[in-house]
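Q: what follows is a protein structure lacking sequence information:
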DNA sequence: AATACGGGGAT
DNA sequence: ATCCCAGTATT
């Protein structure tokens, strides 16, 4: 494809969008840089339906970029809790503060300056510039990868660098001269609602005449799926200590690794490690622990088998007081903390809503 | 180039 | 049970 005037990809896609696209998505009204940015971050590896309530709630708490910058980490994490990929929230918060320090409280209208902000890569930077300002930048998210792999008949897993490079090139080649904001939204909407992974609506497709995969009967095998591998398994002992008031001892996880900086239960790899932690922080008999039923949880990269150990009416050692990283928390306070979903599940299983208080 | 990072939905 | 999703950062 060397002559832009013979490439009807963008114009057909825009025509489809005008007629059948979703025009009621919340980040479209109004389509401001801050709202576009927030939506793009929340939508990374996360479906529209999941994002919707978080997007609305987040904006109620932090209506503007400077509001977000001024908030505390705990306030931000509380609004993100449950969405997953928590580095996104920490990066979003850090980036907001950088924007206040370096860009007058606004997102910069500059590709390199955007990519320099934490949490914004090539695709998100392009998405922000195109949707907020109409600037001419390509995006390459999962939807665009799928659409282009089919349209051009590109084989190979799109996560492979060579394939991804080719897809970026194709994405750049289709860029229209106008309506970049709508075009960018249209590509993602098209992939999410029509050119779906399973059962795409090829009969209704605006691009069916030029789609290589459809012509060659390869729609169901493109894009090539990721080579699979068995999930490794890990076991964790979850220490559930309750004091005489029925409060639960929570600790703040380290700033790096899984569930970084979120509140969770003390955790150990084995009983020796658990006993050691218990002795250092609590008074009582470790062996009085009640072993509760295993709670399995599957992450994208490993399977976690949580084994809760419960003690009641415990006291902390005198040297251990409430501090920034270790707290007794009443059950009513749990929802306001940024607890990871599996921990919430564990707690709700172990501590029914009607137990503990008269 | 490979891995870490969550949670929810679809098949 | 397995795969996938409006990706980015780290190693």
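A: Cool, got the structure. Bear in mind that the values here come from a model prediction, so they are computed numbers and not experimental data.

Q: how many neighbouring residues does residue A:327 have?
A: For residue A:327, the neighbour count with other C-beta atoms under 10 Å is 17. C-beta: built from backbone N, CA, C; applies to glycine.

Q: let's verify it: helix, strand, or coil?
A: strand (DSSP: H, G, I helix; E, B strand; the rest coil).

Q: now name the helix or strand holding residue A:112.
A: helix A:111-115 (DSSP states H and E).

Q: do residue A:315 as well
A: strand A:303-316.

Q: average pLDDT for that strand?
A: Average pLDDT, strand A:303-316: 89.

Q: do stretch A:248-263 as well
A: Mean predicted confidence for stretch A:248-263 is 89.

Q: pLDDT below threshold where in chain A?
A: Along chain A, the parts satisfying pLDDT under 70 run over A:1-6, A:228-232, A:300, A:319-322, A:351-358.

Q: domain boundaries for it, per the record?
A: A:8-221, A:233-350 (automatic domain parsing).

Q: quick one: the longest one near DNA strand C?
A: Yes: using C-beta under 7 Å from any atom of the strand as the criterion, contacts between domain A:8-221 and DNA strand C involve A:25, A:39-40, A:43-48, A:85, A:87, A:91, A:115, A:117-125, A:127, A:141-143, A:145-146, A:185, A:188-189, A:191-192, A:197.

Q: and that domain, how far out from the chain's middle?
A: Relative to its parent chain, domain A:8-221 has a centroid offset of 13 Å by C-alpha atoms, centre = their mean, to the nearest Å.

Q: that one close to DNA strand B?
A: Yes: counting by C-beta under 7 Å from any atom of the strand, DNA strand B has neighbours in domain A:8-221: A:45-47, A:49-50, A:82-87, A:159-162, A:198-199.

Q: and the helices in the stretch 101-250 of chain A?
A: Secondary structure of the stretch 101-250 of chain A, counting by DSSP state H, counting those that start in this stretch: helices at A:111-115, A:122-133, A:142-151, A:161-173, A:180-193, A:212-215.

Q: so can I have JSON lines of these showing mean neighbour count?
A: JSON lines is the format used below for the helices of the stretch 101-250 of chain A (neighbours: other C-beta atoms under 10 Å):
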{"stretch": "helix A:111-115", "mean neighbour count": "15"}
{"stretch": "helix A:122-133", "mean neighbour count": "23"}
{"stretch": "helix A:142-151", "mean neighbour count": "23"}
{"stretch": "helix A:161-173", "mean neighbour count": "15"}
{"stretch": "helix A:180-193", "mean neighbour count": "22"}
{"stretch": "helix A:212-215", "mean neighbour count": "18"}
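
Q: of all these, which lies closest to residue A:292?
A: The closest of the helices of the stretch 101-250 of chain A to residue A:292 is helix A:142-151. By C-beta to C-beta, the value is 38.3 Å.

Q: what does the closest one contact?
A: A:9, A:154-155, A:158, A:163-164, A:167, A:170-171, A:187-188, A:190-192, A:195, A:197, A:200, A:207, A:210-214, A:218-219, A:222-224 (C-beta atoms under 8 Å, 6 or more residues apart in numbering).

Q: cool, and stretch A:218-234?
A: Counting by C-beta under 8 Å, 6+ apart, A:145-146, A:149-150, A:153-159, A:163, A:200, A:202, A:211-213, A:298, A:301-305 sit against stretch A:218-234.

Q: quick one: terminal-to-terminal distance for that stretch?
A: 39 Å (C-alpha to C-alpha, to the nearest Å).

Q: what residues are up against the nearest residue to residue A:137 once chain neighbours are set aside?
A: Distances taken as C-beta to C-beta, 6 or more residues apart in numbering put residue A:126 closest to residue A:137, at 3.6 Å, once the chain neighbours are dropped. Residue A:126 is in contact with A:111, A:137, A:138, A:139, A:184, counting by C-beta under 8 Å, 6+ apart.

Q: how about 6 Å then?
A: By C-beta atoms under 6 Å, 6 or more residues apart in numbering, the contact list for residue A:126 reads A:137, A:138, A:139.

Q: the second one touches residue A:174, doesn't it?
A: When you say that, I think you mean residue A:138. No: using C-beta atoms under 6 Å, residue A:138 is not in contact with residue A:174; the gap is 8.1 Å.

Q: what residue in the stretch 51-200 of chain A comes nearest to DNA strand B?
A: residue A:84 (2.5 Å; C-beta to the nearest atom of the strand).

Q: thanks again, I'm all set now.
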